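J.: what follows is a predicted structure for the sequence shown.
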Amino acid sequence: DSARPATRAFVEKFRRRFGRRPGLLEAQAHDATALVELAVRRGAFTRAEIDLMLQNIGLFEGAGGNLE
C-alpha cells in the first residue's frame, strides 16, 4: 500500500504476472536485478566494472525503497 510510484508499479506488474502480492524478498530481487541491468547498460561488463558502477550509481528508486 505504498504511495511510492516505483513500488506501486512493481506491485501491480507482479500481481498481474503471478496473481498475488509480492513480498520483501521479491522486491529486493527485482531491485538487485534492475541495478545490475542498469550498470551493464551504462557500460559495465566485468564483475569489477559492475561493482564500481554500483558504488557510484547515485539515487536508485527501487521497488523496495530508495538506494544511494
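T.: Cool, the structure landed. The shown structure was predicted, so the numbers you read here are calculated from the model rather than taken from an experiment. Residues are numbered from 1 along each chain as shown.

J.: which strands and helices sit next to the lengthiest helix in the chain?
T.: If you go by DSSP state H, the chain has its longest helix at helix 24-41. Counting contacts by 3 or more C-beta pairs under 8 Å, 6 or more residues apart in numbering; DSSP states H and E, the secondary-structure elements packed against helix 24-41 are helix 5-18, helix 47-55, strand 60-62. Every residue, glycine included, has its C-beta placed from N, CA and C.

J.: deepest of these, which one?
T.: Across the helices and strands packed on helix 24-41, the average number of neighbours (mean count of other C-beta atoms under 10 Å) peaks for strand 60-62, which reaches a mean of 15.

J.: quick revisit: which stretch among the helices and strands packed on helix 24-41 comes nearest residue 34?
T.: Between residue 34 and the helices and strands packed on helix 24-41, the tightest spacing by C-beta to C-beta is seen for strand 60-62, at 6.5 Å.

J.: let me know the pLDDT of the nearest residue to residue 61 once chain neighbours are set aside.
T.: On the basis of C-beta to C-beta, 6 or more residues apart in numbering, the spatially nearest residue to residue 61 that is not a chain neighbour turns out to be residue 6, at 4.5 Å. At residue 6 the predicted local distance difference test score is 90.

J.: from residue 30, how far out is residue 6?
T.: According to C-beta to C-beta, to the nearest Å, residue 6 stands 10 Å off from residue 30.

J.: joint contacts of those two?
T.: 62, 63 (C-beta atoms under 8 Å, 6 or more residues apart in numbering).

J.: now do the longest helix of the chain against helix 47-55, angle only.
T.: Relative orientation of helix 24-41 and helix 47-55, computed by axes from the mean of the first three to the mean of the last three C-alpha atoms, to 10 degrees: 110 degrees.

J.: distance from helix 24-41 to the middle of the chain?
T.: Helix 24-41 sits 4 Å away from the centroid of its parent chain (C-alpha atoms, centre = their mean, to the nearest Å).

J.: residues contacting residue 66?
T.: With contacts defined as C-beta under 8 Å, 6+ apart, residue 66 is in contact with 59, 60.
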